[in-house]
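# Need a 3D model of the following:
(chains A and B)
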2 protein chains.
Amino acid sequence: MLTKSSSLMRLVGELKKLPGIGERTALRLAFHLLKSPHNMTALAESLQEVRTRVHACSNCFAVTEDDPCAICTGNRDGGTICVVENSQDLMALERSNAYQGMYHVLEGAISPLGGIGPSDLRIPELLERVGRGGVNEVVIATNFTVEGEATALYLTKALKPYGVKVTRLAHGIPLGSDIEFVDAATVQWALQGRNEL
Amino acid sequence: MLTKSSSLMRLVGELKKLPGIGERTALRLAFHLLKSPHNMTALAESLQEVRTRVHACSNCFAVTEDDPCAICTGNRDGGTICVVENSQDLMALERSNAYQGMYHVLEGAISPLGGIGPSDLRIPELLERVGRGGVNEVVIATNFTVEGEATALYLTKALKPYGVKVTRLAHGIPLGSDIEFVDAATVQWALQGRNEL
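Below you'll find the model as predicted:
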């Protein structure tokens, strides 16, 4: 039988550090991996590979293997920069296939309670990019949370001196929603932003 | 940005192979790990370590780092063997602190539909252990599922010629249960097995 200090229990401990994975799930995953040694090796190698290869793009700070990343060097509209909190948000926007410009990843959002100020984020780098010229529009796509909205407000003010157009993703009813169950604030935004057909 | 063939996407693919982890969770875990490179390395090393160190005990087939395992070599009652389907079940029994004998891990249960017969399990090894003598009782602790019950039935018959006492874990109402919500079959077992106070 296994002692508390065994390598399997250490693996359970490492798995437990992952978000949403508790003791029982960690044990189940560890025993599952034990049954498929091939997958265990593949996962370990994959982790090491990500560790050495993946980093932030020096221009837009998206996670990438190449520097600058494929979007910064690609055939995209350099006049528009979409500002997101993290690379996951960037991927969600890319999945929409509705945006052809550049990105800028802030690596977080302003959070006075969490002790995160503008200088802890990639905001100086964004202002520097805009300052270099050639940018017509900055699309602010931070989350619609207290932190995201605070960041959007800060960016709007900070970008004012540069004379670029600053826009924000539209609020409204999500696709496929039953209006009955949409929260009041969202319905209010949707009404205020109503479009003529 | 990341291409489909990037190492991060390969890591997402590996994580998705784990039970109960879909595309979204795998992405979330991958990005979480990306933020803590130390944990990523620790997890990778832990996986490699388990891969090389952990194997089945040659006597009882429990997962172990030493061979024979700590239970087989420990100061335990060698006259009793508790038969379990897998090492997780063994760990659950050990947590109860109510058993001081040996174990035997079958590495599965008989399943005609799944094409798993007695010879695919560690049943020959169990019979050999019992045949060597010194065993008074075999406690069958396979699960109370169709497969587990079929295995228990098979083992009862197979162990008959050896003249050892064969017992089965008690059926009944789980601790902390509201009888109202316990299924009828369990209540029936609990009534039939009622004890005098």
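# Compute the number of surrounding residues for residue A:127.
For residue A:127, the count of nearby residues is 16 (other C-beta atoms under 10 Å in any protein chain shown). Every C-beta, even on glycine, is put in place using the N, C-alpha and C of the backbone.
# List the contacts of it.
A:158-159, A:162 (C-beta atoms under 8 Å, 6 or more residues apart in numbering or on different chains).
# Buried ones among these?
A:158-159 (16 or more other C-beta atoms under 10 Å in any protein chain shown).
# Could you dump the contacts of residue A:127 into CSV with pLDDT, distance to residue A:17 and secondary structure added?
Shown next, in CSV, are those (pLDDT from 0 to 100; distance: C-beta to C-beta, whole Å; DSSP: H, G, I helix; E, B strand; the rest coil):
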residue, pLDDT, distance to residue A:17, secondary structure
A:158, 96, 36, helix
A:159, 95, 38, helix
A:162, 95, 42, helix
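# Looking at the contacts of residue A:127, spot the one nearest chain B.
Proximity of those to chain B (C-beta to the nearest C-beta) peaks at residue A:159, which lies at 23.2 Å.
# can you pull the pLDDT of the most centrally placed residue in chain A?
Centroid-nearest residue in chain A: residue A:86, 2.2 Å away (criterion: C-alpha atoms, centre = their mean). With respect to pLDDT, residue A:86 has a value of 93.
# so how far is the worst-scoring helix or strand of chain A on mean pLDDT off the chain centroid?
In chain A, no helix or strand scores lower on mean pLDDT, DSSP states H and E than helix A:184-192, which sits at a mean of 83. Put simply, helix A:184-192 sits 25 Å off its chain's centre (C-alpha atoms, centre = their mean, to the nearest Å).
# Then stretch A:175-183?
On C-alpha atoms, centre = their mean, the centre of stretch A:175-183 falls 25 Å from the chain's centre.
# Spell out the residue ranges of the helices in chain A.
Under the criterion DSSP state H, helices of chain A are mapped to A:7-16, A:23-35, A:37-53, A:70-73, A:87-95, A:123-131, A:146-159, A:184-192.
# To residue B:47, which of these lies closest?
helix A:37-53 (3.8 Å; C-beta to C-beta).
# Please tell me the pLDDT value assigned to the nearest residue to residue A:37 once chain neighbours are set aside.
The shortest distance from residue A:37 to any residue other than its chain neighbours is 5.7 Å, reached at residue B:51 (C-beta to C-beta, 6 or more residues apart in numbering or on different chains). We have a pLDDT of 91 for residue B:51.
# Test my guess that residue B:51 contacts residue A:44.
Yes - with contacts counted by C-beta atoms under 8 Å, residue B:51 reaches residue A:44, the gap being 7.2 Å.
# Neighbours of residue A:68, how many?
By other C-beta under 10 Å, neighbour count at residue A:68 equals 14.
# who are the neighbours in contact with residue A:192?
Contact analysis of residue A:192 by C-beta under 8 Å, 6+ apart lists nothing.
# Then residue A:129?
Contacts of residue A:129 (C-beta under 8 Å, 6+ apart): A:59, A:81, A:104, A:135.
# ok, the second one - contacts?
Just to be clear, that refers to residue A:81. Counted by C-beta under 8 Å, 6+ apart, residue A:81 has contacts A:101-104, A:126, A:129-130, A:135, A:137-139.
# show me where pLDDT drops low in chain A?
Counting by pLDDT under 70, chain A contains low-confidence ranges at A:1-5.
# Could you tell me which strand of it is the longest one?
strand A:77-84 (DSSP state E).
# the domain parsing of chain A - what is it?
Domains of chain A are assigned by automatic domain parsing as A:7-53, A:63-168.
# so can I have CSV of those showing distance to residue B:96?
Converted to CSV, those look like this (distance: least, C-beta to C-beta, whole Å):
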stretch, distance to residue B:96
domain A:7-53, 16
domain A:63-168, 43
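# Tell me which of those lies nearest to residue B:36.
With C-beta to C-beta as the measure, domain A:7-53 is the member of the domains of chain A nearest residue B:36 (8.0 Å).
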